[in-house]
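> only geometry, no sequence info:
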């Protein structure tokens, strides 16, 4: 029982350190991103912005996201289609990873998120069908 408590404490402390490191890295890069910005020009631009255009823009963004999730879900065979909320969650993970990682690694992260233990089907059976020369051209 003592090992379990020590393990839990270790992971809690590790998670706390990771969160603190993440906040520190974010603060440093936020400073780097805005260090050359002119505050008065930024405020003038924000005052001149037509915020009413945000409503249709966000609506179109949500619609495009939903269409992409449905399209990604269509890659699965009919008998193994994952629930749409799982596909949407995996897509969110992929977009987040694309924003952070290089070379669109979020595409792989979305697949890993879909194949996580939270998924309803076994990971070997829930991967989408892919095209390869051996799948169509073998004799």
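That came through fine. It should be emphasised that the depicted structure is a prediction, and the values quoted were computed from it without experimental measurement.

> what is the rounded mean pLDDT of the helix or strand encompassing residue 42?
Using DSSP states H and E, the element containing residue 42 is helix 39-48. Average pLDDT, helix 39-48: 93.

> For residue 97, which residues are in contact?
105, 106, 108, 109, 110 (CB atoms under 8 Å, 6 or more residues apart in numbering). Every residue, glycine included, has its C-beta placed from N, CA and C.

> which stretches of the protein have low pLDDT?
Low-confidence segments of the chain, defined by pLDDT under 70, are located at 1-2, 116-139.

> Do a quick rundown of the helices in it.
2-34, 39-48, 54-73, 84-100, 106-114, 133-137 (DSSP state H).

> how's the protein carved up into domains?
1-35, 51-126 (automatic domain parsing).

> Which among those is found nearest to residue 43?
Proximity to residue 43 (CB to CB) singles out domain 1-35 among these, at 12.9 Å.

> so what's the backbone phi/psi at residue 75?
Note on residue 75: its backbone torsions stand at phi -70, psi -20 [degrees, to the nearest 10].

> Noted, bye for now.
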